[in-house]
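*Asks:* sequence and predicted model, in that order:
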Amino acid sequence: MESDGITIHIGNKVEKIPMWLFSNGKPSYIFEECDGISKYKELIWEENSVCTTIGEGAFEGTEFLDCQLYLPNSIKYIERRAFYKAQLKGNISLREDLIIKEWAFYRNNLSGELIFPS
């Protein structure tokens, strides 16, 4: 399935983005009908998010089309390979207390800025 990009909305009751959920080429047992979709326009988190974790490989091999990757303050963990080989075409701001596992952003083709807290 070819796509010009879809928008992902994450509800404020979602506690964790499961491993491989939106990944391109990995098993996604929840959204099998989305197999082959790898381009996303935007990732929108509802206000008052309780999501604490982006699971292993959750966005591996995906492409975000010209958008800033905003992570809500509730995110505490970015697991291994969460954005491995992802094509991020915007800015990413990271918080000071965020725990980022190995290879979370490895081989990432980031075309914007990766902003670490000072």
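*Replies:* Now that the structure is in, tell me what you want to look at.
*Asks:* and the residue nearest the centre of the chain?
*Replies:* With distances taken as C-alpha atoms, centre = their mean, F59 lies nearest the centre of the chain, 4.8 Å away.
*Asks:* so, low pLDDT: which residues of the chain?
*Replies:* Within the chain, the stretches with pLDDT under 70 are 1-4, 25-38, 65-68, 118.
*Asks:* just the strands from it, written as ranges.
*Replies:* 6-10, 16-17, 39-45, 53-54, 63-64, 77-78, 87-88, 92-93, 99-100, 114-115 (DSSP state E).
*Asks:* where's E15 relative to Y77, distance?
*Replies:* Distance of E15 to Y77, given as C-beta to C-beta, to the nearest Å: 11 Å. No exception for glycine: its C-beta is placed from N, CA and C like everyone else's.
*Asks:* same check on I115?
*Replies:* I115 sits at a distance of 19 Å from Y77 (criterion: C-beta to C-beta).
*Asks:* circling back: with mean neighbour count and distance to Y106 added, can I get the strands of the chain in TSV?
*Replies:* Below are the strands of the chain laid out as TSV (neighbours: other C-beta atoms under 10 Å; distance: least, C-beta to C-beta, whole Å):
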stretch	mean neighbour count	distance to Y106
strand 6-10	13	22
strand 16-17	20	18
strand 39-45	17	19
strand 53-54	22	14
strand 63-64	20	16
strand 77-78	19	12
strand 87-88	20	12
strand 92-93	16	14
strand 99-100	13	11
strand 114-115	12	12
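*Asks:* now render these as CSV, adding distance to S23.
*Replies:* Output for these, formatted as CSV (distance: least, C-beta to C-beta, whole Å):
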stretch, distance to S23
strand 6-10, 13
strand 16-17, 11
strand 39-45, 12
strand 53-54, 11
strand 63-64, 12
strand 77-78, 14
strand 87-88, 13
strand 92-93, 18
strand 99-100, 18
strand 114-115, 21
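*Asks:* alright, I will stop here.
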